[in-house]
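# sequence first, predicted model second:
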Amino acid sequence: MKNPPESAEPHDVNASFRGGGQSVGCLDQINKASLVALAEARILEPGLARRIAAGILALVEEDRGRPPRWSADYLDYEPRLVALAGAEASCLHSGRSRQDISATIARMNLRAVLLDTSAALNEARQAILALAQLHQQTIVPAYTHGVQAQPTTLGHYLLALDAALARTGERMRAAYAHVNQGPLGAAALSTSSFALDRHRLAGLLGFDGLVVNAYDANHLAPVDTALEVAGALAIAAVQVGQFAQDLHAQYADAAPWITLQRGELVGVSSIMPQKRNPAALEQLRVQGSLLLGEMQSVALLSHNVRTGMFDYRAYDPVPGTRAVALLELLRKVAASLVVDRERALAEVHADYSTATELADVLLQRAGVPFRTGHRFASALTDFGRAQGLGLRDIPYREAARIYEAMASQPLPLDAHAFAEAISPEAMVFGRKGAGGPQLAEVERMLAAQRRALADAGSWVQARRDALAQAAARLDAAVATLAS
(Lines give C-alpha, C1' and ligand atoms only; values in the text may rest on other atoms or scores of the structure.)
Protein backbone atom coordinates (compact mmCIF):
# COMPACT_ATOMS: atom_id res chain seq x y z
CA MET A 1 0.00 0.00 0.00
CA LYS A 2 1.24 3.52 -0.72
CA ASN A 3 1.72 5.76 2.27
CA PRO A 4 -0.10 9.12 2.44
CA PRO A 5 1.97 12.03 1.12
CA GLU A 6 4.15 13.88 3.57
CA SER A 7 1.67 16.75 3.68
CA ALA A 8 -0.87 14.48 5.40
CA GLU A 9 -0.39 14.37 9.13
CA PRO A 10 -0.04 10.90 10.68
CA HIS A 11 -3.29 11.43 12.59
CA ASP A 12 -5.17 12.83 9.57
CA VAL A 13 -8.60 11.17 9.65
CA ASN A 14 -8.97 11.79 5.92
CA ALA A 15 -5.69 10.07 4.98
CA SER A 16 -7.53 7.00 3.69
CA PHE A 17 -9.25 9.16 1.08
CA ARG A 18 -6.08 10.64 -0.42
CA GLY A 19 -4.73 9.34 -3.69
CA GLY A 20 -2.44 9.92 -6.63
CA GLY A 21 -3.05 11.30 -10.10
CA GLN A 22 -4.83 8.22 -11.41
CA SER A 23 -7.24 8.28 -8.46
CA VAL A 24 -7.90 11.97 -9.09
CA GLY A 25 -8.89 11.08 -12.65
CA CYS A 26 -11.22 8.41 -11.27
CA LEU A 27 -12.85 11.02 -9.01
CA ASP A 28 -13.44 13.27 -12.03
CA GLN A 29 -15.23 10.42 -13.81
CA ILE A 30 -17.25 9.58 -10.70
CA ASN A 31 -18.37 13.20 -10.36
CA LYS A 32 -19.43 13.23 -14.00
CA ALA A 33 -21.40 9.99 -13.58
CA SER A 34 -23.08 11.25 -10.40
CA LEU A 35 -24.09 14.46 -12.15
CA VAL A 36 -25.62 12.62 -15.12
CA ALA A 37 -27.54 10.20 -12.88
CA LEU A 38 -28.82 13.02 -10.65
CA ALA A 39 -29.94 15.04 -13.66
CA GLU A 40 -31.64 12.07 -15.29
CA ALA A 41 -33.49 11.31 -12.04
CA ARG A 42 -34.53 15.01 -11.85
CA ILE A 43 -32.94 15.29 -8.42
CA LEU A 44 -31.08 18.29 -9.85
CA GLU A 45 -33.04 20.88 -11.80
CA PRO A 46 -31.61 21.58 -15.28
CA GLY A 47 -30.12 24.98 -14.49
CA LEU A 48 -28.16 23.67 -11.52
CA ALA A 49 -27.07 20.58 -13.45
CA ARG A 50 -25.79 22.90 -16.18
CA ARG A 51 -23.77 25.00 -13.74
CA ILE A 52 -22.29 21.93 -12.05
CA ALA A 53 -21.40 20.38 -15.42
CA ALA A 54 -19.67 23.56 -16.48
CA GLY A 55 -17.81 23.67 -13.16
CA ILE A 56 -16.66 20.05 -13.44
CA LEU A 57 -15.41 20.61 -16.98
CA ALA A 58 -13.67 23.82 -15.95
CA LEU A 59 -11.83 22.01 -13.14
CA VAL A 60 -10.79 19.21 -15.50
CA GLU A 61 -9.43 21.79 -17.92
CA GLU A 62 -7.73 23.70 -15.11
CA ASP A 63 -5.90 20.53 -14.05
CA ARG A 64 -4.91 19.62 -17.59
CA GLY A 65 -1.20 20.00 -18.16
CA ARG A 66 -0.46 20.53 -14.48
CA PRO A 67 1.24 18.04 -12.13
CA PRO A 68 -1.42 15.63 -10.87
CA ARG A 69 -3.19 16.67 -7.70
CA TRP A 70 -2.22 14.41 -4.84
CA SER A 71 -5.66 14.38 -3.28
CA ALA A 72 -8.70 12.54 -4.62
CA ASP A 73 -10.64 13.33 -1.45
CA TYR A 74 -14.04 14.75 -2.38
CA LEU A 75 -13.84 17.12 0.59
CA ASP A 76 -10.78 18.68 -1.05
CA TYR A 77 -12.54 18.78 -4.42
CA GLU A 78 -15.91 20.23 -3.39
CA PRO A 79 -14.67 23.70 -2.30
CA ARG A 80 -13.10 24.19 -5.73
CA LEU A 81 -16.37 23.24 -7.43
CA VAL A 82 -18.43 25.49 -5.14
CA ALA A 83 -16.12 28.41 -5.90
CA LEU A 84 -16.95 28.03 -9.59
CA ALA A 85 -20.60 26.94 -9.54
CA GLY A 86 -21.98 28.30 -6.28
CA ALA A 87 -22.96 26.76 -2.96
CA GLU A 88 -25.68 24.64 -4.55
CA ALA A 89 -22.98 22.72 -6.40
CA SER A 90 -22.57 20.67 -3.22
CA CYS A 91 -25.82 18.93 -4.28
CA LEU A 92 -23.56 16.86 -6.53
CA HIS A 93 -22.89 14.78 -3.43
CA SER A 94 -26.56 13.85 -3.02
CA GLY A 95 -27.11 10.14 -2.46
CA ARG A 96 -23.47 9.21 -2.03
CA SER A 97 -20.64 9.22 0.52
CA ARG A 98 -16.89 9.24 0.51
CA GLN A 99 -17.32 5.56 1.43
CA ASP A 100 -18.80 4.53 -1.90
CA ILE A 101 -16.60 7.00 -3.77
CA SER A 102 -13.57 5.31 -2.17
CA ALA A 103 -14.86 1.83 -3.04
CA THR A 104 -15.47 2.94 -6.63
CA ILE A 105 -12.03 4.50 -7.08
CA ALA A 106 -10.43 1.35 -5.68
CA ARG A 107 -12.29 -0.78 -8.23
CA MET A 108 -11.40 1.52 -11.09
CA ASN A 109 -7.74 1.28 -10.08
CA LEU A 110 -7.96 -2.50 -9.63
CA ARG A 111 -9.35 -3.02 -13.10
CA ALA A 112 -6.57 -0.85 -14.52
CA VAL A 113 -4.03 -3.00 -12.67
CA LEU A 114 -5.60 -6.16 -14.07
CA LEU A 115 -5.63 -4.88 -17.64
CA ASP A 116 -2.07 -3.52 -17.53
CA THR A 117 -0.74 -6.67 -15.89
CA SER A 118 -2.65 -8.94 -18.26
CA ALA A 119 -1.19 -7.08 -21.24
CA ALA A 120 2.35 -7.39 -19.84
CA LEU A 121 1.76 -11.08 -19.11
CA ASN A 122 0.60 -11.65 -22.69
CA GLU A 123 3.72 -10.01 -24.07
CA ALA A 124 5.94 -12.16 -21.86
CA ARG A 125 4.07 -15.27 -22.96
CA GLN A 126 4.54 -14.26 -26.60
CA ALA A 127 8.33 -14.22 -26.11
CA ILE A 128 8.27 -17.56 -24.28
CA LEU A 129 6.22 -19.24 -27.01
CA ALA A 130 8.53 -17.82 -29.70
CA LEU A 131 11.48 -19.44 -27.92
CA ALA A 132 9.56 -22.70 -27.55
CA GLN A 133 8.89 -22.66 -31.30
CA LEU A 134 12.64 -22.55 -31.96
CA HIS A 135 13.49 -25.36 -29.56
CA GLN A 136 10.91 -28.06 -30.14
CA GLN A 137 13.71 -30.56 -30.80
CA THR A 138 16.41 -29.19 -28.50
CA ILE A 139 17.10 -31.93 -25.96
CA VAL A 140 17.95 -30.61 -22.50
CA PRO A 141 18.28 -32.10 -19.01
CA ALA A 142 15.39 -31.71 -16.60
CA TYR A 143 15.74 -31.88 -12.85
CA THR A 144 13.91 -33.07 -9.76
CA HIS A 145 15.26 -32.56 -6.23
CA GLY A 146 17.88 -30.37 -7.92
CA VAL A 147 19.35 -33.47 -9.60
CA GLN A 148 19.22 -34.38 -13.28
CA ALA A 149 16.16 -36.61 -13.69
CA GLN A 150 15.16 -37.21 -17.32
CA PRO A 151 15.79 -35.52 -20.64
CA THR A 152 13.10 -33.46 -22.32
CA THR A 153 13.14 -30.63 -24.84
CA LEU A 154 13.50 -26.96 -24.10
CA GLY A 155 10.30 -26.39 -26.04
CA HIS A 156 8.48 -28.82 -23.75
CA TYR A 157 9.79 -27.03 -20.65
CA LEU A 158 8.87 -23.59 -22.00
CA LEU A 159 5.37 -24.77 -22.87
CA ALA A 160 5.02 -25.89 -19.25
CA LEU A 161 6.02 -22.42 -18.08
CA ASP A 162 3.59 -20.82 -20.52
CA ALA A 163 0.78 -23.10 -19.37
CA ALA A 164 1.37 -21.97 -15.80
CA LEU A 165 1.37 -18.31 -16.81
CA ALA A 166 -1.79 -18.89 -18.86
CA ARG A 167 -3.55 -20.04 -15.69
CA THR A 168 -2.46 -16.82 -14.02
CA GLY A 169 -4.00 -14.95 -16.93
CA GLU A 170 -7.24 -16.87 -16.36
CA ARG A 171 -7.14 -15.89 -12.69
CA MET A 172 -6.75 -12.25 -13.66
CA ARG A 173 -9.70 -12.43 -16.04
CA ALA A 174 -11.83 -14.14 -13.39
CA ALA A 175 -10.83 -11.46 -10.88
CA TYR A 176 -11.77 -8.75 -13.40
CA ALA A 177 -15.32 -10.13 -13.57
CA HIS A 178 -15.62 -9.61 -9.80
CA VAL A 179 -13.77 -6.30 -9.73
CA ASN A 180 -15.71 -4.63 -12.53
CA GLN A 181 -18.92 -4.29 -10.53
CA GLY A 182 -20.03 -0.83 -9.45
CA PRO A 183 -20.51 0.19 -5.80
CA LEU A 184 -21.44 3.85 -6.40
CA GLY A 185 -24.76 4.90 -4.86
CA ALA A 186 -24.31 2.62 -1.87
CA ALA A 187 -23.58 5.80 0.12
CA ALA A 188 -22.14 5.00 3.55
CA LEU A 189 -23.62 1.48 3.74
CA SER A 190 -27.40 1.59 3.27
CA THR A 191 -27.94 3.79 0.15
CA SER A 192 -29.97 6.99 0.70
CA SER A 193 -33.42 8.52 0.37
CA PHE A 194 -32.49 9.86 -3.08
CA ALA A 195 -33.91 7.77 -5.94
CA LEU A 196 -30.58 7.26 -7.68
CA ASP A 197 -30.35 4.54 -10.34
CA ARG A 198 -27.30 2.57 -9.18
CA HIS A 199 -27.32 0.42 -12.33
CA ARG A 200 -27.10 3.58 -14.39
CA LEU A 201 -24.21 4.85 -12.28
CA ALA A 202 -22.37 1.57 -12.82
CA GLY A 203 -22.92 1.66 -16.57
CA LEU A 204 -21.77 5.27 -16.87
CA LEU A 205 -18.42 4.26 -15.33
CA GLY A 206 -17.93 1.19 -17.53
CA PHE A 207 -18.79 -1.38 -14.88
CA ASP A 208 -20.38 -4.58 -16.12
CA GLY A 209 -22.80 -4.81 -13.21
CA LEU A 210 -23.51 -3.85 -9.64
CA VAL A 211 -22.32 -4.85 -6.19
CA VAL A 212 -25.93 -5.16 -5.11
CA ASN A 213 -25.84 -5.13 -1.32
CA ALA A 214 -24.87 -1.63 -0.22
CA TYR A 215 -23.15 -2.82 2.97
CA ASP A 216 -21.18 -5.39 0.96
CA ALA A 217 -20.28 -2.79 -1.66
CA ASN A 218 -18.26 -0.66 0.75
CA HIS A 219 -17.19 -2.96 3.56
CA LEU A 220 -16.82 -6.59 2.48
CA ALA A 221 -16.44 -6.71 -1.30
CA PRO A 222 -13.48 -4.26 -1.30
CA VAL A 223 -11.52 -6.75 0.79
CA ASP A 224 -12.13 -9.98 -1.08
CA THR A 225 -11.82 -8.43 -4.54
CA ALA A 226 -8.45 -6.91 -3.60
CA LEU A 227 -7.34 -10.23 -2.16
CA GLU A 228 -8.37 -12.01 -5.35
CA VAL A 229 -6.25 -9.66 -7.46
CA ALA A 230 -3.35 -9.88 -5.00
CA GLY A 231 -3.57 -13.67 -5.08
CA ALA A 232 -3.23 -13.77 -8.86
CA LEU A 233 -0.23 -11.42 -8.79
CA ALA A 234 1.37 -13.38 -5.95
CA ILE A 235 1.10 -16.59 -7.97
CA ALA A 236 2.68 -14.83 -10.95
CA ALA A 237 5.57 -13.75 -8.72
CA VAL A 238 6.17 -17.34 -7.62
CA GLN A 239 6.03 -18.64 -11.19
CA VAL A 240 8.52 -16.08 -12.44
CA GLY A 241 10.79 -16.87 -9.49
CA GLN A 242 10.79 -20.57 -10.35
CA PHE A 243 11.82 -19.80 -13.91
CA ALA A 244 14.57 -17.44 -12.74
CA GLN A 245 15.96 -20.08 -10.41
CA ASP A 246 15.91 -22.76 -13.11
CA LEU A 247 17.97 -20.52 -15.36
CA HIS A 248 20.25 -19.23 -12.62
CA ALA A 249 21.15 -22.78 -11.56
CA GLN A 250 22.87 -23.31 -14.90
CA TYR A 251 25.38 -20.59 -14.12
CA ALA A 252 26.95 -22.79 -11.44
CA ASP A 253 28.43 -24.83 -14.31
CA ALA A 254 31.61 -23.56 -15.91
CA ALA A 255 29.93 -24.02 -19.31
CA PRO A 256 26.19 -23.36 -18.98
CA TRP A 257 24.01 -24.61 -21.83
CA ILE A 258 21.63 -21.66 -21.51
CA THR A 259 22.79 -18.08 -20.91
CA LEU A 260 21.75 -14.46 -21.35
CA GLN A 261 23.07 -12.49 -24.29
CA ARG A 262 25.70 -9.94 -23.44
CA GLY A 263 24.10 -6.54 -23.02
CA GLU A 264 21.89 -4.70 -20.57
CA LEU A 265 20.77 -7.91 -18.87
CA VAL A 266 24.30 -9.04 -17.98
CA GLY A 267 26.65 -7.41 -15.47
CA VAL A 268 30.45 -7.40 -15.29
CA SER A 269 32.37 -7.66 -12.06
CA SER A 270 34.23 -4.53 -10.93
CA ILE A 271 37.25 -6.62 -9.92
CA MET A 272 37.04 -10.00 -11.69
CA PRO A 273 37.31 -9.44 -15.46
CA GLN A 274 36.16 -12.94 -16.33
CA LYS A 275 32.78 -12.62 -14.59
CA ARG A 276 29.58 -12.28 -16.59
CA ASN A 277 26.89 -11.98 -13.96
CA PRO A 278 23.27 -12.81 -14.89
CA ALA A 279 21.96 -9.62 -13.31
CA ALA A 280 18.54 -9.87 -14.96
CA LEU A 281 17.94 -13.29 -13.41
CA GLU A 282 18.79 -11.92 -9.99
CA GLN A 283 16.40 -9.03 -10.58
CA LEU A 284 13.65 -11.42 -11.67
CA ARG A 285 14.03 -13.24 -8.38
CA VAL A 286 14.35 -10.10 -6.23
CA GLN A 287 11.47 -8.24 -7.86
CA GLY A 288 9.34 -11.35 -7.71
CA SER A 289 10.05 -11.68 -4.00
CA LEU A 290 9.25 -8.00 -3.39
CA LEU A 291 6.01 -8.37 -5.33
CA LEU A 292 5.10 -11.44 -3.30
CA GLY A 293 5.72 -9.46 -0.11
CA GLU A 294 3.54 -6.58 -1.29
CA MET A 295 0.73 -8.96 -2.09
CA GLN A 296 0.95 -10.51 1.38
CA SER A 297 0.53 -7.03 2.85
CA VAL A 298 -2.89 -6.83 1.18
CA ALA A 299 -4.01 -9.83 3.23
CA LEU A 300 -2.35 -8.59 6.42
CA LEU A 301 -4.00 -5.17 6.24
CA SER A 302 -7.46 -6.67 5.86
CA HIS A 303 -6.99 -9.57 8.30
CA ASN A 304 -8.76 -9.51 11.66
CA VAL A 305 -10.29 -6.09 10.98
CA ARG A 306 -13.89 -5.06 11.63
CA THR A 307 -15.94 -3.91 8.68
CA GLY A 308 -15.92 -0.16 8.19
CA MET A 309 -12.36 0.32 9.45
CA PHE A 310 -9.59 2.40 7.89
CA ASP A 311 -7.11 -0.43 7.27
CA TYR A 312 -8.31 -1.64 3.86
CA ARG A 313 -9.39 1.72 2.43
CA ALA A 314 -6.50 2.54 0.10
CA TYR A 315 -7.49 3.86 -3.32
CA ASP A 316 -4.85 1.57 -4.81
CA PRO A 317 -5.35 -1.54 -2.66
CA VAL A 318 -3.16 -3.69 -4.94
CA PRO A 319 -0.32 -1.65 -6.48
CA GLY A 320 0.48 -3.14 -9.85
CA THR A 321 3.52 -1.20 -11.00
CA ARG A 322 6.00 -3.82 -9.82
CA ALA A 323 4.01 -6.66 -11.41
CA VAL A 324 4.04 -4.96 -14.80
CA ALA A 325 7.79 -4.26 -14.53
CA LEU A 326 8.47 -7.86 -13.47
CA LEU A 327 6.61 -9.28 -16.45
CA GLU A 328 8.34 -6.84 -18.79
CA LEU A 329 11.70 -8.07 -17.48
CA LEU A 330 10.53 -11.66 -17.97
CA ARG A 331 9.78 -10.82 -21.61
CA LYS A 332 13.25 -9.35 -22.09
CA VAL A 333 14.92 -12.37 -20.50
CA ALA A 334 12.99 -14.83 -22.67
CA ALA A 335 13.87 -12.84 -25.77
CA SER A 336 17.59 -12.76 -24.97
CA LEU A 337 18.33 -16.36 -24.00
CA VAL A 338 21.10 -18.14 -25.90
CA VAL A 339 20.92 -21.94 -26.02
CA ASP A 340 23.89 -24.21 -26.76
CA ARG A 341 22.19 -27.34 -28.08
CA GLU A 342 25.35 -29.44 -28.15
CA ARG A 343 26.26 -28.45 -24.61
CA ALA A 344 22.78 -29.33 -23.37
CA LEU A 345 22.92 -32.75 -25.00
CA ALA A 346 26.40 -33.33 -23.60
CA GLU A 347 25.07 -32.67 -20.10
CA VAL A 348 22.36 -35.26 -20.68
CA HIS A 349 24.95 -37.79 -21.87
CA ALA A 350 27.15 -37.03 -18.87
CA ASP A 351 24.54 -38.39 -16.45
CA TYR A 352 22.14 -41.34 -16.28
CA SER A 353 18.81 -39.65 -16.94
CA THR A 354 17.77 -42.17 -19.63
CA ALA A 355 17.96 -45.09 -17.18
CA THR A 356 14.19 -44.93 -16.70
CA GLU A 357 13.69 -45.81 -20.35
CA LEU A 358 15.93 -48.87 -20.03
CA ALA A 359 13.61 -50.32 -17.39
CA ASP A 360 10.57 -49.48 -19.53
CA VAL A 361 12.03 -51.11 -22.65
CA LEU A 362 12.88 -54.32 -20.78
CA LEU A 363 9.24 -54.53 -19.71
CA GLN A 364 7.82 -53.64 -23.12
CA ARG A 365 10.07 -55.87 -25.25
CA ALA A 366 10.85 -58.81 -22.98
CA GLY A 367 8.22 -58.79 -20.23
CA VAL A 368 10.84 -58.14 -17.55
CA PRO A 369 9.03 -56.96 -14.38
CA PHE A 370 9.49 -53.21 -13.98
CA ARG A 371 11.10 -53.50 -10.56
CA THR A 372 13.64 -55.97 -11.92
CA GLY A 373 14.46 -53.59 -14.77
CA HIS A 374 14.62 -50.73 -12.28
CA ARG A 375 17.16 -52.60 -10.12
CA PHE A 376 19.24 -53.42 -13.19
CA ALA A 377 19.29 -49.78 -14.35
CA SER A 378 20.24 -48.70 -10.82
CA ALA A 379 23.05 -51.26 -10.64
CA LEU A 380 24.29 -50.15 -14.05
CA THR A 381 24.29 -46.55 -12.83
CA ASP A 382 26.33 -47.42 -9.73
CA PHE A 383 28.85 -49.36 -11.86
CA GLY A 384 29.24 -46.61 -14.44
CA ARG A 385 29.65 -43.85 -11.91
CA ALA A 386 32.25 -45.88 -10.02
CA GLN A 387 34.19 -46.24 -13.27
CA GLY A 388 33.75 -42.60 -14.26
CA LEU A 389 31.66 -43.54 -17.28
CA GLY A 390 28.52 -42.08 -18.76
CA LEU A 391 25.66 -44.48 -19.45
CA ARG A 392 26.35 -44.72 -23.18
CA ASP A 393 30.06 -45.30 -22.45
CA ILE A 394 29.46 -48.55 -20.54
CA PRO A 395 30.40 -51.45 -22.85
CA TYR A 396 27.48 -53.64 -23.82
CA ARG A 397 29.29 -56.75 -22.49
CA GLU A 398 29.53 -55.15 -19.03
CA ALA A 399 25.83 -54.31 -19.07
CA ALA A 400 25.00 -57.88 -20.09
CA ARG A 401 27.26 -59.25 -17.33
CA ILE A 402 25.62 -57.10 -14.65
CA TYR A 403 22.12 -58.11 -15.78
CA GLU A 404 22.95 -61.83 -15.88
CA ALA A 405 24.57 -61.70 -12.43
CA MET A 406 21.50 -59.99 -11.03
CA ALA A 407 18.69 -61.80 -12.89
CA SER A 408 20.36 -65.21 -13.48
CA GLN A 409 19.49 -65.01 -17.18
CA PRO A 410 20.89 -63.27 -20.27
CA LEU A 411 20.09 -59.66 -20.96
CA PRO A 412 17.10 -59.85 -23.35
CA LEU A 413 18.32 -56.89 -25.44
CA ASP A 414 21.01 -57.07 -28.12
CA ALA A 415 23.63 -54.35 -28.43
CA HIS A 416 21.57 -52.27 -30.87
CA ALA A 417 18.38 -52.45 -28.78
CA PHE A 418 20.37 -51.59 -25.65
CA ALA A 419 21.95 -48.53 -27.31
CA GLU A 420 18.56 -47.37 -28.54
CA ALA A 421 16.99 -47.80 -25.10
CA ILE A 422 19.50 -45.46 -23.49
CA SER A 423 19.42 -42.87 -26.31
CA PRO A 424 18.07 -39.46 -25.23
CA GLU A 425 16.60 -38.92 -28.70
CA ALA A 426 14.72 -42.23 -28.65
CA MET A 427 13.48 -41.58 -25.12
CA VAL A 428 12.31 -38.00 -25.70
CA PHE A 429 10.75 -38.40 -29.12
CA GLY A 430 9.35 -41.84 -28.41
CA ARG A 431 7.02 -40.63 -25.64
CA LYS A 432 3.40 -41.73 -26.08
CA GLY A 433 1.39 -39.86 -23.44
CA ALA A 434 -0.59 -36.67 -23.92
CA GLY A 435 1.47 -33.62 -23.00
CA GLY A 436 4.84 -35.28 -23.52
CA PRO A 437 7.87 -33.88 -25.37
CA GLN A 438 7.31 -35.88 -28.58
CA LEU A 439 7.22 -33.55 -31.55
CA ALA A 440 3.56 -34.09 -32.45
CA GLU A 441 2.44 -33.24 -28.90
CA VAL A 442 4.71 -30.22 -28.62
CA GLU A 443 3.39 -28.90 -31.93
CA ARG A 444 -0.19 -29.50 -30.81
CA MET A 445 0.33 -27.77 -27.45
CA LEU A 446 2.18 -24.88 -29.09
CA ALA A 447 -0.68 -24.26 -31.51
CA ALA A 448 -3.30 -24.50 -28.76
CA GLN A 449 -1.41 -22.16 -26.45
CA ARG A 450 -0.89 -19.64 -29.24
CA ARG A 451 -4.64 -19.62 -29.87
CA ALA A 452 -5.32 -19.16 -26.17
CA LEU A 453 -2.81 -16.30 -26.05
CA ALA A 454 -4.52 -14.60 -28.98
CA ASP A 455 -7.84 -14.90 -27.15
CA ALA A 456 -6.24 -13.41 -24.02
CA GLY A 457 -4.97 -10.46 -26.06
CA SER A 458 -8.40 -9.94 -27.59
CA TRP A 459 -9.93 -9.99 -24.11
CA VAL A 460 -7.67 -7.16 -22.91
CA GLN A 461 -8.36 -5.08 -25.99
CA ALA A 462 -12.12 -5.64 -25.74
CA ARG A 463 -12.18 -4.53 -22.10
CA ARG A 464 -10.10 -1.46 -22.84
CA ASP A 465 -12.35 -0.59 -25.76
CA ALA A 466 -15.44 -1.00 -23.58
CA LEU A 467 -14.03 1.32 -20.92
CA ALA A 468 -13.00 3.89 -23.53
CA GLN A 469 -16.46 3.80 -25.08
CA ALA A 470 -18.13 4.21 -21.66
CA ALA A 471 -15.87 7.19 -20.92
CA ALA A 472 -16.70 8.76 -24.27
CA ARG A 473 -20.43 8.35 -23.66
CA LEU A 474 -20.07 9.85 -20.20
CA ASP A 475 -18.13 12.83 -21.51
CA ALA A 476 -20.75 13.38 -24.18
CA ALA A 477 -23.55 13.29 -21.60
CA VAL A 478 -21.79 15.85 -19.38
CA ALA A 479 -21.04 18.07 -22.38
CA THR A 480 -24.74 17.98 -23.26
CA LEU A 481 -25.68 19.02 -19.72
CA ALA A 482 -23.14 21.83 -19.76
CA SER A 483 -24.49 23.21 -23.03
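Thanks, I have the structure now.

# give me the below-cutoff pLDDT ranges for the chain.
Scanning the chain for pLDDT under 70 picks out 1-21.

# show me the strands in it, by range?
Applying DSSP state E to the chain gives strands spanning 139-144, 147-153, 181-182, 209-210, 258-260, 267-268, 276-277, 337-339.

# winner for burial among those strands?
Of all these, strand 181-182 carries the top mean neighbour count, a mean of 22, counting by mean count of other C-beta atoms under 10 Å. (Glycine included, C-beta is placed from N, CA and C.)

# returning to that earlier point: let me know which of the strands of the chain is the nearest to residue 102.
Proximity of the strands of the chain to residue 102 was assessed by C-beta to C-beta; the nearest stretch is strand 181-182, lying at 13.3 Å.

# and the helices in the stretch 201-350 of the chain, which stretches?
Applying DSSP state H, counting those that start in this stretch to the stretch 201-350 of the chain gives helices spanning 214-219, 221-250, 279-302, 321-336, 341-350.

# so can I have a markdown table of those showing mean neighbour count?
What follows is the helices of the stretch 201-350 of the chain, written out as a markdown table (neighbours: other C-beta atoms under 10 Å):
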| stretch | mean neighbour count |
| --- | --- |
| helix 214-219 | 22 |
| helix 221-250 | 21 |
| helix 279-302 | 18 |
| helix 321-336 | 20 |
| helix 341-350 | 17 |
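
# adding distance to residue 265, write those out as TSV.
Below are the helices of the stretch 201-350 of the chain laid out as TSV (distance: least, C-beta to C-beta, whole Å):
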stretch	distance to residue 265
helix 214-219	45
helix 221-250	11
helix 279-302	4
helix 321-336	6
helix 341-350	20
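
# picking up where we left off before, between the strands of the chain, which one is nearest to residue 352?
strand 147-153 (8.0 Å).

# which other helices and strands contact the closest one?
When contacts are defined as 3 or more C-beta pairs under 8 Å, 6 or more residues apart in numbering; DSSP states H and E, strand 147-153 sits against strand 139-144, helix 341-350, helix 424-429.

# make TSV from these and add distance to residue 366 to it.
Shown next, in TSV, are the helices and strands packed on strand 147-153 (distance: least, C-beta to C-beta, whole Å):
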stretch	distance to residue 366
strand 139-144	26
helix 341-350	25
helix 424-429	17
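
# out of those, which gets nearest to residue 201?
Closest of the helices and strands packed on strand 147-153 to residue 201 is strand 139-144, at 53.6 Å (criterion: C-beta to C-beta).

# residues making contact with the closest one?
Strand 139-144 is contacted from outside by 148-154, 157, 246, 249, 257-258, 341, 344-345, 347-348, 351, 353, 424-425, 428, using C-beta atoms under 8 Å, 6 or more residues apart in numbering.

# could you do stretch 434-453 as well?
The contact list for stretch 434-453 (C-beta under 8 Å, 6+ apart) reads 122, 125-126, 129, 132-133, 136-137, 152-153, 155-156, 159, 162-163, 166, 428-432.

# ok, longest helix in this structure?
If you go by DSSP state H, the chain has its longest helix at helix 439-482.

# to residue 65, which of the helices and strands packed on strand 147-153 lies closest?
Of all the helices and strands packed on strand 147-153, strand 139-144 sits nearest to residue 65, with 53.8 Å by C-beta to C-beta.

# angle of the closest one against strand 147-153?
Relative orientation of strand 139-144 and strand 147-153, computed by axes from the mean of the first three to the mean of the last three C-alpha atoms, to 10 degrees: 140 degrees.

# strand 139-144 relative to helix 341-350, how many degrees between them?
Going by the same axes, to 10 degrees, strand 139-144 makes 50 degrees with helix 341-350.

# walk me through which strands strand 139-144 pairs with, and which way each runs.
In the sheet, strand 139-144 lines up against strand 147-153 (antiparallel) (DSSP bridges).

# the partner strand relative to helix 439-482, how many degrees between them?
80 degrees.

# contact partners for residue 269?
Counting by C-beta under 8 Å, 6+ apart, residue 269 makes contact with 275, 277.

# against residue 229, how distant is the most centrally placed residue in the chain?
Nearest to the mean C-alpha position of the chain, by C-alpha atoms, centre = their mean, lies residue 236 at 4.1 Å. As defined by C-beta to C-beta, to the nearest Å, residue 236 lies at a distance of 11 Å from residue 229.

# no further queries at this time; thank you.
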